[in-house]
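Enquirer: Quick one: sequence and predicted model below, then my questions.
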Amino acid sequence: MFHQNSDVSPKYQNMAKPSITFYPKMERRTNKTGRVPIYARLVLNRQKTEYRLPVDVNINSLSDWNQMFMKFPEEIESDANRIITKFQQIFNDIVFQHAHVLDQLNVKSLKGYVFGIKEDKLIDVKFYLRNYFHENIEKGTSITIGTKKNYIKAINHFERFLKFVKKEDLQLSLVHNSIGSEFYDYLKKSYPQYDKKPLTDASASGNVIRIKHLFDKALEKNLIKSNPFGGLKLNTRCPKRGKLNTIEVQSLYKVDLSTNYKLDKVRDLFLFSVFTGLAYSDVMELKKVNIQIDSNGEYFMEIKRHKTDIIVNQYLPLQAIQIINKYELCSLYKETVLPKISNQYYNDTLKELGVLCNINKKVSTHIARHTFRQLLAEAEVIDLAAIKTMMGHSRNSDIDSIYHDVTSKQLLNAKNKYQEFINRLLN
């Protein structure tokens, strides 16, 4: 029996392709009328189901049935042909529109979409989440890259949770009210047998809040009767981040590493982040085009943050410029301004540096950015708009951001204060 496969992306090559087959089902012939119903068979992800079309045909027409094209000649059983064509087109449209999430859809859900069978009760949770993300968040022009990444992380966590509780095919309408608290508990616990590490309360809460938002949208569309995450009490307070004090920064800056290139290179990268507030990923991607020298010889840096897509603008202090110049002539770093090393290697080496400098804290890439913010405060840089611009923080919540942009003068004033403080600290 011939069946028509829809074109799908290469990611589905290792699984059964979605297909629909139409055929007269002789064994379902009606005794009273003697007519034979037309059935459709759907196959998806190695699952199959059948559906009886709202049409039947004269038994004498079966000899004219074309198995290859799954139709009768035009002059015979035109109603059957019309209905088959209609559902074939619906199937093709659905598979094309949802190709990005077909692996999240079970065959019963596909059946609901194609034939309009109580669609709200047949939607897979995984399919709904992925499809909503794709249509409303991934395509959102006003949504930052960081927010999009956070949503997809939350969805990934929720899918792993469904697999953990053996409910991968859970339908949206069957989500029970306790699933919100169960998901929250799952995120905070460790399951070594599944290589699952616990998240902090704040991180777990952030993931739950994003999934709750997606369920809120399902509630608005009347796909569910209540949000299972509603009323869930969450601890959204972030743990206090570590930072280096001025003595520790001074110790790192002054330790003699002239005979240890490995530690010296990592120290330079870390201090560059301390002096500029750039995150690890942004330091790794910093290029010459991101730094310009103005008519007064001031080095100005402009770079889009990898995490949030927000622009960082700031004048560089002398100590950051010295680190750039140190590696400028090295032929190994033609594209990027500074050496590129892996995050794991970077953090492992930072631990060695911490021990060498008698720093009794977990020295990591992230601590540098918090240290920068602390040093700005100690340097008495209080222009909040300038600070946010220097760190690449959003100003959407600032009333002043509606009326004015941060000026070069503001940034230069902030840099000069910071420079004076750094000079006193390190000399």
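Expert: Nice, thanks for sending it over.
Enquirer: Was I right to think Cys357 contacts Leu252?
Expert: Yes: applying CB atoms under 8 Å, one finds Cys357 in contact with Leu252, separated by 5.5 Å. Using the backbone N, CA and C atoms, a C-beta is placed for each residue, glycine as well.
Enquirer: Comparing the two, which shows the higher neighbour count?
Expert: A direct count of neighbours by other CB atoms under 10 Å for Cys357 and Leu252 places Leu252 higher, at 22 against 19.
Enquirer: Just list the residues touching the more buried one, thanks.
Expert: 244, 267, 270-271, 353, 357, 359 (CB atoms under 8 Å, 6 or more residues apart in numbering).
Enquirer: in the helix or strand that contains it, what counts as buried?
Expert: Using DSSP states H and E, Leu252 sits in helix 246-254. The neighbour-count check on helix 246-254 (16 or more other CB atoms under 10 Å) flags 246, 248-249, 251-253 as buried.
Enquirer: again, but for stretch 175-187
Expert: So, applying 16+ other CB under 10 Å, buried residues of stretch 175-187: 175, 179-180, 183-184, 186-187.
Enquirer: Kindly report the same for stretch 284-292.
Expert: Using 16+ other CB under 10 Å as the test for burial, stretch 284-292 gives 284-286, 290-291.
Enquirer: circling back: counting only helices, which of the contacts of Leu252 make the cut?
Expert: Those of the contacts of Leu252 mapping onto helices are 267, 270-271, 353, per DSSP state H.
Enquirer: which of the residues you listed count as buried?
Expert: 267, 270-271, 353.
Enquirer: Leaving out sequence neighbours, find the closest residue to Ile209.
Expert: Leu234 (6.9 Å; CB to CB, 6 or more residues apart in numbering).
Enquirer: Also Met390?
Expert: Per CB to CB, 6+ apart, closest to Met390 is Gln314, 4.1 Å.
Enquirer: what kind of secondary structure is the one you found in?
Expert: Here Gln314 is strand, with the state taken from DSSP: H, G, I helix; E, B strand; the rest coil.
Enquirer: can you start the count at 44 instead of 1 from here on
Expert: Got it, the first residue is 44 from now on, which makes the last one we talked about Gln357.
Enquirer: If it is in a bridge, with which residues?
Expert: Gln357 forms beta bridges with Met344, as assigned by DSSP bridges.
Enquirer: wait, it sits on Asp325?
Expert: No: taking CB under 8 Å as the definition, Gln357 is not a contact partner of Asp325, at 12.0 Å.
Enquirer: When these two are compared, which one has more neighbours?
Expert: Gln357 (25 against 20).
Enquirer: about what we covered before: would you reformat the buried residues of helix 289-297 as a markdown table and include distance to Phe112 and pLDDT?
Expert: What follows is these, written out as a markdown table (distance: CB to CB, whole Å; pLDDT from 0 to 100):
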| residue | distance to Phe112 | pLDDT |
| --- | --- | --- |
| Thr289 | 80 | 92 |
| Glu291 | 77 | 93 |
| Val292 | 76 | 94 |
| Ser294 | 80 | 94 |
| Leu295 | 75 | 94 |
| Tyr296 | 78 | 94 |
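Enquirer: got the contact list for Lys114?
Expert: Taking CB under 8 Å, 6+ apart, we find Lys114 in contact with 65, 108, 123-124, 127-128.
Enquirer: Same question for Lys191.
Expert: Counting by CB under 8 Å, 6+ apart, Lys191 touches 180-181, 183.
Enquirer: hang on, the earlier thing: reformat the contacts of Leu295 as TSV; add distance to Asp136 and pLDDT.
Expert: As requested, these are arranged in TSV below (distance: CB to CB, whole Å; pLDDT from 0 to 100):
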residue	distance to Asp136	pLDDT
Leu287	58	93
Arg310	58	95
Phe313	54	95
Leu314	57	96
Leu396	58	93
Cys400	63	92
Ile402	61	91
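Enquirer: For the stretch 344-470 of the chain, which segments count as strands?
Expert: Applying DSSP state E, counting those that start in this stretch to the stretch 344-470 of the chain gives strands spanning 354-358.
Enquirer: Helices along that one, start to end?
Expert: 361-371, 386-399, 408-421, 427-434, 443-446, 451-469 (DSSP state H, counting those that start in this stretch).
Enquirer: which stretches of the stretch 344-470 of the chain aren't confidently modelled?
Expert: 372-377, 438-447 (pLDDT under 70).
Enquirer: Dihedrals phi and psi, Leu96?
Expert: Per-residue torsions, Leu96: phi -70, psi 150 (degrees, to the nearest 10).
Enquirer: Quick check: closest non-adjacent residue to the residue nearest the centre of the chain.
Expert: Among the residues of the chain, the one closest to the centroid is Lys192, at 2.3 Å (CA atoms, centre = their mean). Closest residue to Lys192 apart from its sequence neighbours, by CB to CB, 6+ apart: Lys350 at 7.7 Å.
Enquirer: just to revisit the earlier point, would you mind giving the buried residues of stretch 327-335 as CSV with distance to Val138 and secondary structure added?
Expert: What follows is these, written out as CSV (distance: CB to CB, whole Å; DSSP: H, G, I helix; E, B strand; the rest coil):
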residue, distance to Val138, secondary structure
Met327, 40, helix
Glu328, 38, helix
Leu329, 44, coil
Asn333, 43, helix
Ile334, 49, strand
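Enquirer: wait, which of these is closest to Thr73?
Expert: The shortest approach to Thr73 among the buried residues of stretch 327-335 belongs to Glu328, at 68.9 Å (CB to CB).
Enquirer: Skipping adjacent residues, who's closest to Pro116 in space?
Expert: Asp107 (5.6 Å).
Enquirer: any idea which element Ser269 lies in?
Expert: Following DSSP H and E, there is no helix or strand that holds Ser269.
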